[in-house]
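J.: take this sequence and fold it.
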Amino acid sequence: MAATAEITPEFQSTLGQFINYLAIEKGLSVNTQKSYRYDLEVYLAYLSVKKFTFATITHADITNYIWERKQQKLRPASLYRLLESI
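T.: Below you'll find the predicted structure:
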């Protein structure tokens, strides 16, 4: 699943802040930052298409998304990182 949909400005801004946090506060490697960015861009594109906002996302919505990704045969480590990033 690629991030082909447009990500809302709200999501884009928060993503940038989160990646900066990972770099500055957590000191994560560039490769790890790229992995988180990719996972979150795909997720945020999904949310944008579904017309979600941060205020409307529920636990069930996150669970459904993770389940959809699992059905796409994502590796367990990738699913774990995805869940961690969300």
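J.: could you use CA atoms for every contact and neighbour count after this?
T.: Will do.
J.: contacts only, for Asn23.
T.: Rather than Asn, residue 23 is Ala. Listed by C-alpha atoms under 8 Å, 6 or more residues apart in numbering, the contact set of Ala23 reads 29-30, 33.
J.: tell me which stretches of this protein form helices.
T.: For the chain, applying DSSP state H gives helices covering 9-24, 30-49, 59-71, 76-85.
J.: among the contacts of Ala23, the buried ones, what's the PyMOL command?
T.: A single PyMOL command selects the buried members of these (16 or more other C-alpha atoms under 10 Å):
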select buried, resi 33
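J.: next, format the contacts of Ala23 as TSV and append pLDDT and distance to Tyr43.
T.: TSV is the format used below for the contacts of Ala23 (pLDDT from 0 to 100; distance: C-alpha to C-alpha, whole Å):
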residue	pLDDT	distance to Tyr43
Ser29	95	21
Val30	95	20
Gln33	93	15
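J.: any chance of the contacts of Ala23 in JSON lines, with distance to Leu82 too?
T.: Listed next are those as JSON lines, based on distance: C-alpha to C-alpha, whole Å:
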{"residue": "Ser29", "distance to Leu82": "17"}
{"residue": "Val30", "distance to Leu82": "17"}
{"residue": "Gln33", "distance to Leu82": "12"}
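J.: quick one: which of the contacts of Ala23 is nearest to Ile86?
T.: Distances from Ile86 to those, taken as C-alpha to C-alpha, are shortest for Gln33 (13.6 Å).
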